[in-house]
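In: quick one, structure for this:
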Amino acid sequence: MEEREVLVVITENLQLSLHAITPEGEAEELMKVKLSGKTGRSADIILIDHSLIVTALGETVIRFWDLDRDENYVLSPDVQFGFEGGECINCVSYCSAKGLLAAGTNKGRIAMWRKAAGSDQGTRASEAKKWKLQAPTELEGSVIQIKVRQEGVFFTSIK
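Out: Residues are numbered from 1 along each chain as shown. All right, here's what the predicted structure looks like:
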């Protein structure tokens with residue numbers, strides 16, 4: 001997190017720690033916490049909006065951890081949009097210019113959420129509601145890698 005001169009470290013067992021970087025280049029631990037989620041699986045972890053960690057851990061939800069507010073919440077694909085119960089999210093990507101979060105599932109679907117414009121900081125429940133689920137895109141196989149850019153969504157790996 002460059003603007004705060006903080007290093008974020010997440011280990012294989014989902015231990016998150018924040019370290020302040022001194023002018024001399026030393027790292028001083030500020031916080032350590034265990035993130036929720038299944039370990040022992042491939043994890044896709046990104047930092048968005050300067051302080052929001054988003055994780056896809058092969059579960060039915062995407063987990064969010066707001067480092068500024070020390071709060072967390074989850075999003076999940078909705079069966080009303082054509083997703084299956086138990087469908088797991090393998091990977092995640094975000095485009096800040098479009099406010100678009102995309103996630104690939106083990107059933108070959110791409111879930112996309114658009115962040116509501118003018119979102120102020122609110123409660124955990126209201127933060128989750130700021131993400132509006134879009135109609136899914138369906139592919140063959142399991143999506144294991146995805147990238148969202150201004151030009152569109154790129155599926156880089158399907159198993």
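In: and the pLDDT at the residue sitting furthest away from the middle of the chain?
Out: Residue distances from the centre of the chain (CA atoms, centre = their mean) peak at residue 24, which lies 32.0 Å from the mean C-alpha position. pLDDT, residue 24: 90.
In: also residue 129?
Out: Taking residue 129 on its own, its pLDDT is 85.
In: now for it: which residues touch it?
Out: Applying CB atoms under 8 Å, 6 or more residues apart in numbering to residue 129 gives no contacts. Bear in mind the C-beta positions are built from the backbone N, C-alpha and C, glycine included.
In: what about it, distance to residue 75?
Out: According to CB to CB, to the nearest Å, residue 129 stands 10 Å off from residue 75.
In: quick one: common contacting residues for these two?
Out: By CB under 8 Å, 6+ apart, no residue touches both residue 129 and residue 75.
In: poorly predicted segments of the chain, please.
Out: The chain contains residues with pLDDT under 70 at 118-125, 152-159.
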